[in-house]
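Visitor: Sharing a model that was predicted from the sequence below.
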Amino acid sequence: MSSFLDMEISTSSKLMSPCFSEFNDIIKRKEITYGPCMLSVFSKTLGYVLIGTMTVSLIPQIVKILRKRSASGVSFFSILLTLEASSATVAYAIQKKFPVSAWGENLVLMHMNVVLICLLLRYNDKLKTSITFLTIYILFMLLLLWPTVPSQLVWCLYLLSMPAIAASRVIQMYKNHKTKDPGQLSATTAFLCIFQGFGRLTTSIVTTGDDVMIYTFAVVTLLNILLFLQVIYFRRKLKKNS
């Protein structure tokens, strides 16, 4: 964790001198001007907010599965694709020494998705498979984070993470449509995913300007909205029929 903090401090120190002049100018003029430093502060603040919301976003989903002792309606392959995306993003960001505020929510998402997959396997009477998966995943991540791992491998996995996120939402929506029942899917989690999608879309536009990343987050945000509406629709329909 200290290495993550070092990245953030290093990045912040590079901006400190020019930012001091910009903020000093704002105080003297008594009006806000949106220069590079203001955008940097906005992006970092939003990044930490996203990390905070991600910390709580999947808790309702996990609690619901534990309370019902069932993982019905939750797509295993959807969670697996999301895990691939978050794991690859963490490995890529650490390798590139990006500031934590730019990717930290993926670290939370990675751990949460591991818990979700283990629960999905556990409540489908596959306890041994759950333990095997956890062991293999830990070894895989240790290998991926190893300093000598080829950067091309990490880049390829990161490149695959973008379509993987979109595919995970499509798979989950297809399963909901097929069963006409959202099962143990949490509407709260689905709603918070919309906020996170909008947040990352904003930070991508402000800080990276990368067209691929911007389009990807735009598509994912749209899919998150559709998934949330689908969960609400089927839940209300089931209540009416009951």
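Guide: Yes, it's here.

Visitor: hey, where'd the helices end up in the chain?
Guide: 2-29, 36-57, 59-68, 76-96, 104-122, 127-144, 151-179, 187-203, 211-241 (DSSP state H).

Visitor: As TSV, the ones you listed with mean neighbour count and mean pLDDT would be great.
Guide: Bear in mind the C-beta positions are built from the backbone N, C-alpha and C, glycine included. Output for the helices of the chain, formatted as TSV (neighbours: other C-beta atoms under 10 Å; pLDDT from 0 to 100):
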stretch	mean neighbour count	mean pLDDT
helix 2-29	12	50
helix 36-57	17	72
helix 59-68	16	86
helix 76-96	21	89
helix 104-122	21	90
helix 127-144	13	93
helix 151-179	17	88
helix 187-203	20	80
helix 211-241	16	84
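
Visitor: Just want the most central residue of the protein.
Guide: Geometric centre of the chain, nearest residue: residue 106, 4.5 Å, by C-alpha atoms, centre = their mean.

Visitor: could you measure it against residue 94, distance?
Guide: Taking C-beta to C-beta, to the nearest Å as the measure, residue 106 and residue 94 are separated by 10 Å.

Visitor: now swap in residue 205 and tell me
Guide: Distance, residue 205 to residue 94, using C-beta to C-beta: 24 Å.

Visitor: ok, now residue 124?
Guide: 33 Å.

Visitor: Please apply the same query to residue 156.
Guide: Distance of residue 156 to residue 94, computed by C-beta to C-beta: 16 Å.

Visitor: what do you get for residue 191?
Guide: 30 Å.

Visitor: Might one say that residue 234 is in contact with residue 183?
Guide: No: contact criterion C-beta atoms under 8 Å: residue 234 and residue 183 do not qualify, at 9.2 Å.

Visitor: mind listing what the residue nearest to residue 167 when sequence neighbours are not counted touches?
Guide: Closest residue to residue 167 apart from its sequence neighbours, by C-beta to C-beta, 6 or more residues apart in numbering: residue 81 at 5.5 Å. Listed by C-beta atoms under 8 Å, 6 or more residues apart in numbering, the contact set of residue 81 reads 164-165, 167-168, 171.
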